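Student: Sequence first, predicted coordinates after that:
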Amino acid sequence: MSAPSGLTGGRPLAGPLASAVFSIGFIATGVLAVPVLASFGSIALAGLLGKPWGFDRSPKRAPLFYGLIGVGTLGGVAIAYFSNNPIGMLVLSVTINGIAAAPFLIVIMVISGSRKLLGDYRNGPLATVAGWATAAIMTVAGCAAVYIAIAQPP
């Protein structure tokens with residue numbers, strides 16, 4: 001007895017165009033994600049340095065913010081242009097983001113638990129435990145990624 005095949009008889013809903021539809025969706029998602037990721041990093045760094053940031057400001061009013069977006073975008077384009085292994089670049093990108101997440105989480109936890117900065121709006125006990133557990137897991141995962149990359153080169 002075979003498993004039920006659903007409405008399309010086991011074939012992709014888009015038929016022979018399924019691969020093209022998936023590829024277009026995947027590429028479109030990447031195109032939408034690039035400016036978001038570039039601006040996120042630029043916002044974080046400009047804010048950390050106490051410089052003005054945001055798309056509501058002109059490049060004259062937030063030159064560091066826009067400069068960081070430009071550097072990040074051009075750097076990403078250059079890396080993609082000179083790389084012939086997009087899957088390897090995707091893995092590298094995710095690994096770097098995973099390693100960078102731990103320090104960001106630690107800073108967020110310190111700020112979100114500060115009575116001086118947030119007063120009554122600081123994290124409660126459950127959010128504090130969950131946040132620090134997440135920061136610890138990401139730290140261990142980042143260290144493991146670095147160890148694997150060093151100890152077991154491809």
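Tutor: Received it, and whenever you're ready, just let me know what you need.

Student: Okay, now the unreliable bits of the protein?
Tutor: 1-10, 153-154 (pLDDT under 70).

Student: Report all helices and strands that the lengthiest helix in the chain contacts.
Tutor: Longest helix in the chain by number of residues (criterion: DSSP state H): helix 18-48. Counting contacts by 3 or more Cβ pairs under 8 Å, 6 or more residues apart in numbering; DSSP states H and E, helix 18-48 packs against helix 63-82. For the C-beta atoms, the positions are set from N, CA and C on the backbone; glycine is no exception.

Student: The helix or strand just after the helix it packs on to helix 63-82, inter-axis angle?
Tutor: For helix 63-82, the following helix or strand on the C-terminal side (DSSP states H and E) is helix 86-112. Angle, helix 86-112 to helix 63-82, by axes from the mean of the first three to the mean of the last three Cα atoms, to 10 degrees: 150 degrees.

Student: Just want the angle from helix 86-112 to helix 18-48.
Tutor: Using the same axes, to 10 degrees: helix 86-112 against helix 18-48 is 40 degrees.

Student: next helix or strand past helix 86-112?
Tutor: Past helix 86-112, further along toward the C-terminus, the next helix or strand under DSSP H and E is helix 115-118.

Student: who touches that following helix?
Tutor: Contacts to helix 115-118, defined as Cβ atoms under 8 Å, 6 or more residues apart in numbering, come from residues 111-112, 122.

Student: wait, which of these is closest to F82?
Tutor: Checking the contacts of helix 115-118 against F82 by Cβ to Cβ gives I111 as the nearest, at 37.8 Å.

Student: The closest one: neighbour count?
Tutor: I111: 12 surrounding residues under other Cβ atoms under 10 Å.

Student: Which residue ranges make up the domains of this protein?
Tutor: 17-82, 85-154 (automatic domain parsing).

Student: Distance check, the residue positioned nearest the centre of the chain against F82.
Tutor: Geometric centre of the chain, nearest residue: N97, 5.8 Å, by Cα atoms, centre = their mean. According to Cβ to Cβ, to the nearest Å, N97 and F82 sit 20 Å apart.

Student: before we move on, what about G41?
Tutor: Distance of G41 to F82, computed by Cβ to Cβ: 21 Å.

Student: higher neighbour count, those two?
Tutor: The neighbour count for G41 versus F82, taken as other Cβ under 10 Å, is higher for G41 (16 against 8).

Student: Verify the stated contact: the more buried one with T73.
Tutor: No: if you go by Cβ atoms under 8 Å, G41 and T73 don't touch, sitting 10.4 Å apart.
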